[in-house]
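>>> with the input below, show me the fold.
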Amino acid sequence: MTWPIKIAPSILAADFTRLAEAIQSAEAAGADYIHVDVMDGHFVPNITVGPPIVRALRRVTQLPLDVHLMISDPVQHVPAFAEAGAAGLTIHIEATPHAHRVLQQMRELGVRPGVSLNPATPAAAISEILNDVELVLVMTVNPGFGGQSLIEHTLPKIARVREMLDSAGSEAELEVDGGIGPQTAERVVAAGATVLVAGEAIFGAPEGVAAAIKTIREAGRRGRARSEDSRVESGQQTSGRQKRSPRL
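Just a heads-up that it's a prediction; the model follows:
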């Protein structure tokens, strides 16, 4: 199935003294989600925002708030973020031994359940919960700080997660976060990503938010075209060996 390419600007890179304006500019430019990075200074070496900020953001945008919980023991905090207005919550598989329980908690609270993988965590770590999530986030940098460069070895993992989701018949979105911009969007989408989180590449772009979102989306579409061409070519090669037409 072909999924649309979605853009989720991360407020971590926005000017917090003009946060409402930054978010509204992203919404006007066609962003699909607003990505909110929540860090606790424990699971990751930084501290950012909590439920009060999420509640304030809910009042200034109609876009879904894609809240990424980079925190320890997320089960204790999911209700507060759900009540504050998060449309979706993403926990780290590394942050809790009871991921299934937390994901069920999210469903009961009416928010989209998501799970994230750090760069050093293998795709297989989420194999038992693929049918319990509506979003998988592959971190393409080590979480905790913005402005990092994409880690190259995360690209094959994106492709593995894509294969796992497709094999499971899952309709979960495959999100990537870290070092995403015009130079990397094409590659991560070609690997299988469908949602692109970008911070500095959007809010720090000299050409402005609207132009940056447009450029990243266009790069993602080129990646989608590459992926589709590769899939067709692979099908044709297989059909040649089997002497029959490919099933597309």
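
>>> Pro119 versus Leu174, what's the distance?
For Leu174, the distance to Pro119 equals 16 Å [C-beta to C-beta, to the nearest Å]. C-betas here are computed from N, CA, C, even on glycine.

>>> compare those two (neighbour count), which wins?
For Leu174 against Pro119, the residue with the higher neighbour count under other C-beta atoms under 10 Å is Leu174, and the figures read 24 against 16.

>>> beta partners for that one?
Following DSSP bridges, Leu174 is listed with bridge partners Val136.

>>> ok, Pro113 next?
The partner list for Pro113 in beta bridges (DSSP bridges) reads Leu89.

>>> just the element for Glu21, please.
helix 19-28 (DSSP states H and E).

>>> contacts for that helix?
When contacts are taken as C-beta atoms under 8 Å, 6 or more residues apart in numbering, the neighbours of helix 19-28 outside the stretch itself are 9, 11, 14-15, 34, 57, 60-63, 202-203, 209-210, 213.

>>> buried subset of the residues you listed?
When neighbours are counted using 16 or more other C-beta atoms under 10 Å, the contacts of helix 19-28 contain these buried positions: Pro9, Ile11, Ala14, Ile34, Leu57, Thr61, Leu63, Ile202, Phe203, Val209, Ala210, Ile213.

>>> now the last one. Nearest residue, chain neighbours left out?
Just to be clear, that refers to Ile213. Closest residue to Ile213 apart from its sequence neighbours, by C-beta to C-beta, 6 or more residues apart in numbering: Ala29 at 4.6 Å.

>>> geometric centre of this protein: which residue is closest?
Within the chain, the residue whose C-alpha comes closest to the C-alpha centroid is Glu175; the distance, by C-alpha atoms, centre = their mean, is 2.7 Å.

>>> that one touches Gly192, doesn't it?
No - the pair formed by Glu175 and Gly192 falls short of the contact definition of C-beta atoms under 8 Å, at 10.9 Å.

>>> how about stretch 56-72: buried residues?
Using 16+ other C-beta under 10 Å as the burial criterion, the residues of stretch 56-72 that qualify are 57-58, 61, 63-72.

>>> would you map the strands across this structure?
Shown for the chain, the strands assigned by DSSP state E span residues 6-9, 34-39, 65-70, 88-92, 112-117, 135-139, 173-177, 195-198.

>>> and for the first one, what's in contact with it?
When contacts are taken as C-beta under 8 Å, 6+ apart, the neighbours of strand 6-9 outside the stretch itself are 23, 26, 30-35, 66, 173, 175, 194-199, 202-203, 209, 213, 216-217, 220.
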